[in-house]
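Engineer: here is my input; please provide its structure:
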Amino acid sequence: MFESLTVRGQTFAPALFCAPMAGITHCAFRRLVSDFGGYGALFTEMLSARALLNETFFNSPYVRRRPREGNVFYQLLVGDTDRLAEAMDRISSYEPAGVDVNLACAAREIRRTGAGASLFQDVPRMRRVLTEVRSRFDGPMTAKIRLGAECGEWRASFSERAALIRDCGVDAVILHPRFAGQKFRAHARYEHLAWAASELRLPLIVSGDLRGPADVEARRGALDCVSGVMIGRMAVVQPWIFAGWRGDRPPVDHAEVWMRFWDYVSEDFVPDRRLPRIKMFTEYYSRNFKFGHTLYSLVQSSSSMDEARSRASAFFAEPQSLTASPSTMGIS
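Structural biologist: Sure thing, here's the model as predicted:
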């Protein structure tokens, strides 16, 4: 399954994608994942359309892209068309593999701006935004969505938006099969997947509660309607997850990977923005170890990059037992 996916004449092989994650999928993290490979494309974190106008490609950890990363989609966070044309011209100049419009994020601060799930609820505004993005970009264009607001008429609402997405020239849809208010609570609603695919009638990439090949195999029946798989938080726990998808997982030195990420963050971020990225990554990465809470606590309470590295070195200096099946449960 998911050997390749062709979108607007561009083939992504395999059809495995690393999800856009706020605060995570900056260039240092994408560089780490690219060291292992095995994916069809990576995604940036959410990029504010207006903030993009103040970013410089070679100096920004948010938009910078190294050749070894391969295919990179730029995910756009936008609530209206104000200065969107300028932002799209800027993105196009970066020559991305594709552009993704975030219509899924349900975080309160994002909804307040009219972006994410809020944009998905506003049909006229969504049409204006998608039409503008399509008119300014001739490469693969995707939209990331959820099922919408959980209410009695949610199916009719979803169908209306599915038709709009097609009409606006979106090439493929990334669906996280949860309702907007669920965030990561409860289980993803895979029982609605086949119906949603029939309404969208576009190549569908699915995301949510998929921790790797075993989960995909367990849901094989539900995924018959799907063209690709997107892995999010588990790719932070195990940046090598795509490289080991076919069962030939590369040898991993867990301590070296953490130290390498520290080096990459140090290189790509200005000093006052480094430590928060290390702490965020470590919250996930610590799930690899039976006593990972110790690593998490040591790094979380560090007051400097050097202190975090020293404390992590002390943790890794002791033999560490790995967790058989890491989980991201409890991480918001």
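Engineer: show the end-to-end separation of stretch 147-154, please.
Structural biologist: 8 Å (Cα to Cα, to the nearest Å).
Engineer: just stretch 104-122 next, same as before
Structural biologist: For stretch 104-122, the end-to-end distance is 13 Å (Cα to Cα).
Engineer: try stretch 188-195
Structural biologist: End-to-end distance (Cα to Cα), stretch 188-195: 14 Å.
Engineer: mind listing what's buried in it?
Structural biologist: 188, 189, 190, 192, 193 (16 or more other Cβ atoms under 10 Å). Using the backbone N, CA and C atoms, a C-beta is placed for each residue, glycine as well.
Engineer: so of the residues you listed, which ones are in helices?
Structural biologist: residue 193 (DSSP state H).
Engineer: burial of the nearest residue to residue 325 once chain neighbours are set aside, as a residue count?
Structural biologist: Distances taken as Cβ to Cβ, 6 or more residues apart in numbering put residue 211 closest to residue 325, at 7.9 Å, once the chain neighbours are dropped. Residue 211 has 19 neighbours, counted by other Cβ atoms under 10 Å.
Engineer: and what about the nearest residue to residue 262 once chain neighbours are set aside, helix, strand or coil?
Structural biologist: Excluding the flanking residues, the one nearest residue 262 by Cβ to Cβ, 6+ apart is residue 309, at 5.5 Å. Recorded secondary structure, residue 309: helix (DSSP: H, G, I helix; E, B strand; the rest coil).
Engineer: list the contacts of residue 101.
Structural biologist: 75, 76, 78, 129, 130, 133, 141, 142, 143, 144, 170 (Cβ atoms under 8 Å, 6 or more residues apart in numbering).
Engineer: er, residue 94 actually
Structural biologist: 57, 63, 65, 74.
Engineer: do the same with residue 290
Structural biologist: 320, 321, 322, 323.
Engineer: neighbour count, secondary structure and pLDDT added to these, as JSON lines?
Structural biologist: As requested, those are exported to JSON lines (neighbours: other Cβ atoms under 10 Å; DSSP: H, G, I helix; E, B strand; the rest coil; pLDDT from 0 to 100):
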{"residue": "320", "neighbour count": "17", "secondary structure": "coil", "pLDDT": "94"}
{"residue": "321", "neighbour count": "10", "secondary structure": "coil", "pLDDT": "96"}
{"residue": "322", "neighbour count": "11", "secondary structure": "strand", "pLDDT": "95"}
{"residue": "323", "neighbour count": "15", "secondary structure": "coil", "pLDDT": "94"}
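Engineer: which among the residues you listed gets closest to residue 237?
Structural biologist: Set against residue 237, the nearest of these by Cβ to Cβ is residue 323 (9.3 Å).
Engineer: residue 285 is in contact with that closest one, correct?
Structural biologist: No - applying Cβ atoms under 8 Å as the test, residue 323 and residue 285 come out as separate, 11.5 Å apart.
Engineer: anything in contact with each of those two?
Structural biologist: With Cβ under 8 Å, 6+ apart, residue 323 and residue 285 have common neighbours residue 292.
Engineer: pLDDT below threshold where in the protein?
Structural biologist: By pLDDT under 70, the weakly predicted segments of the chain are 181-186.
Engineer: quick one, domains of it?
Structural biologist: As recorded under automatic domain parsing, the domains making up the chain are 5-237, 254-317.
Engineer: pick the most buried one from the ones you listed.
Structural biologist: domain 5-237 (a mean of 19; mean count of other Cβ atoms under 10 Å).
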